[in-house]
Structure formats: structure tokens, C-alpha cells
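Enquirer: Structure of the sequence below:
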Amino acid sequence: NSRGTALLKDSISFTDVSASGLFEGHDLLRRGFTSVKNELLPSHPLELTEKNFQLNQDKTNFARLRNVQGIHAPLKLQMEFRAVKQVQRLPFLHSSNMAMDILRGTDECIGFEDILNDPSQSEVMGEPHIMMEHKLGLL
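Expert: Here you go, the predicted model:
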């Protein structure tokens, strides 16, 4: 009945009916466990702003630097940021990222992360061999 399929075709989009089906549940093997935390919206309007504070501050500084000195200054600074991010210690050793602090100008500022982020009091310490194998992609 071509008339019935035309009616069905108009009422249900074919993207809804796929190989997975309309009534399929959550596939754990393909999508992993569901997390309520990932589906929650921010609880406060300022939460996203605080989460992206450093990124927003860098964008503002780059825009100001471009207006004052031209396009070469923020490009040079961004290349230096990338170079500093590539040079790191081994994954199981703590790194203070002093070069990044100097580039951002926060090397003379004392924040809560300087006091409360003491690696010697960290509760998480990994096995060095496993961490290196994970970083190199062997695991």
C-alpha cells in the first residue's frame, strides 16, 4: 500500500529509525557507563566563567597585546606557550611549570594552588612504569 507508506514516511523521520532502533536502551559496550554528572547543567551562572577563567584571561591579554604591539606579539607568545607545554617531566614527577608562570606573569603571585597543591601531600601516587607506558601508548 503506497498510500500507507507515504503517510508513515511523512509522520516518522527516517533518522529516528536507524540500525540501533527506536526503543534501544543505553549500549554499555559502545558508549560506556552513563554519568549523571556529565548531564547536569552548571549550578550557578558564574561556574562556567570560573572554569574558563585562565582561557578568558589569555584571550583578553592576547587581544590587548595585538592592539598595542601588532599581530606578531600574541603569535610569538602563543608559540612560546606551545613550546613550554611540550617540555614536561615524567608523568609520575611533579612539575611546577615555572616557565608557564613566567610567561603568564604569575610567577610573583601567591595563589591557593601554591599552598594547597603540595605534591608531597598528594593522595594519588601512581606506579612509574605503568604511567610511562600509558603516556607512550603502550597500554
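Enquirer: residue ranges for the helices of the chain, please.
Expert: 2-11, 28-31, 36-39, 47-51, 53-69, 72-86, 98-104, 112-116, 128-136 (DSSP state H).
Enquirer: if I look at H44, how far off is E50?
Expert: Look at H44 and E50: by Cβ to Cβ, to the nearest Å, they are 9 Å apart. For every residue, glycine as well, the C-beta is placed using N, CA and C.
Enquirer: Could you do L65 as well?
Expert: 24 Å.
Enquirer: Show me which of the two is the more surrounded one.
Expert: L65 (17 against 10; other Cβ atoms under 10 Å).
Enquirer: For that one, give me the pLDDT.
Expert: L65 carries a pLDDT score of 94 in this model.
Enquirer: Contact partners for it?
Expert: 73-74, 77 (Cβ atoms under 8 Å, 6 or more residues apart in numbering).
Enquirer: could you flag which of those are buried?
Expert: 74, 77 (16 or more other Cβ atoms under 10 Å).
Enquirer: Can you get me the centre-to-centre distance for stretch 69-85 and its chain?
Expert: 21 Å (Cα atoms, centre = their mean, to the nearest Å).
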